[in-house]
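Peer 1: Mind looking at a prediction? Sequence and model below.
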Amino acid sequence: MLNNEQNNDIMQNFDIEQVLAAFVKKGYKTAHFADGAAAAAYLNEQIDGCTVSFGDSRTLYNMGVYDLLAKHNQVIDPMHPEPGQDFFEVLPLTTQGEIFLTSVNAATVNGELVNIDAIGNRVAGTLYGHGKVYFVFSVSKLCADLEQAIWRARNVAAPQNTSRKGYRTPCAVKGDKCYDCQSPDRICNALVIHLHCLKRAEAEIVLIDEKLGF
């Protein structure tokens, strides 16, 4: 198995236009931006007067997408609960909405997407029930193949996500790799791989050169 550094070395040999073409071949629309600010402006322009739900995404949080969209859309985001609500009360509400916005833990240059989830709200939102799904992520999450993408999701993204939530899993405490633990704080409970855009679904890849998220 390649480590993350080796994967990054391999990634330098891939052309971004080829990566975008791979996603188009898989049935996705695509957009490509130099930084998060430009991508956020694009999403703000595309999404207007809609009910919008968010997955638990640090990428979108850091881009300030919620603040932009909330000015002219009805937005449901567990990371921005209404007064009197907490994170877990908002989660069921994210099944609603015309638009679903989320990121990924990893993706491949061949057009595959990988997400790990603890409760299921984030991966559920990418599978069914919304008019359109936007997958917004940095090129830093691209991997050479599906095996490497799964490795990244478990050994790079998951430890950082558990750590930011203050969980006491072995990966969060040691900060190095997945231990396939049985901790009550474990977040690696569901692994969803999008091999292709789903039938009768509209989905768009928003790829960003700036490093964002985990």
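Peer 2: Alright, I've got the coordinates.
Peer 1: When you work out contacts or count neighbours from here on, use the C-alpha atoms and nothing else.
Peer 2: OK.
Peer 1: pretty sure D185 contacts G166?
Peer 2: No. Here D185 does not reach G166: they are 9.4 Å apart, not a contact under C-alpha atoms under 8 Å.
Peer 1: Please identify which of those two sits among more neighbours.
Peer 2: Counting neighbours by other C-alpha atoms under 10 Å for D185 and for G166 shows that D185 has the greater number, 16 against 12.
Peer 1: Phi and psi next, for that one.
Peer 2: Note on D185: its backbone torsions stand at phi -90, psi 0 [degrees, to the nearest 10].
Peer 1: For R58, see how far away it is.
Peer 2: In this view, D185 and R58 are 19 Å apart by C-alpha to C-alpha, to the nearest Å.
Peer 1: Run through the strands of the protein in chain order.
Peer 2: 29-33, 51-54, 74-76, 99-102, 106-108, 113-117, 132-138, 142-143, 190-194, 202-208 (DSSP state E).
Peer 1: need those in a markdown table with mean neighbour count and mean pLDDT, can you?
Peer 2: A markdown table is the format used below for the strands of the chain (neighbours: other C-alpha atoms under 10 Å; pLDDT from 0 to 100):
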| stretch | mean neighbour count | mean pLDDT |
| --- | --- | --- |
| strand 29-33 | 16 | 98 |
| strand 51-54 | 26 | 96 |
| strand 74-76 | 20 | 94 |
| strand 99-102 | 24 | 97 |
| strand 106-108 | 27 | 97 |
| strand 113-117 | 23 | 96 |
| strand 132-138 | 23 | 97 |
| strand 142-143 | 26 | 96 |
| strand 190-194 | 15 | 97 |
| strand 202-208 | 21 | 98 |
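Peer 1: Redo these as TSV? Include distance to A157.
Peer 2: Shown next, in TSV, are these (distance: least, C-alpha to C-alpha, whole Å):
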stretch	distance to A157
strand 29-33	22
strand 51-54	18
strand 74-76	24
strand 99-102	14
strand 106-108	8
strand 113-117	9
strand 132-138	13
strand 142-143	12
strand 190-194	13
strand 202-208	17
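Peer 1: just so I know, which of these lies nearest E17?
Peer 2: Closest of the strands of the chain to E17 is strand 29-33, at 9.3 Å (criterion: C-alpha to C-alpha).
Peer 1: Cool, thanks, talk later.
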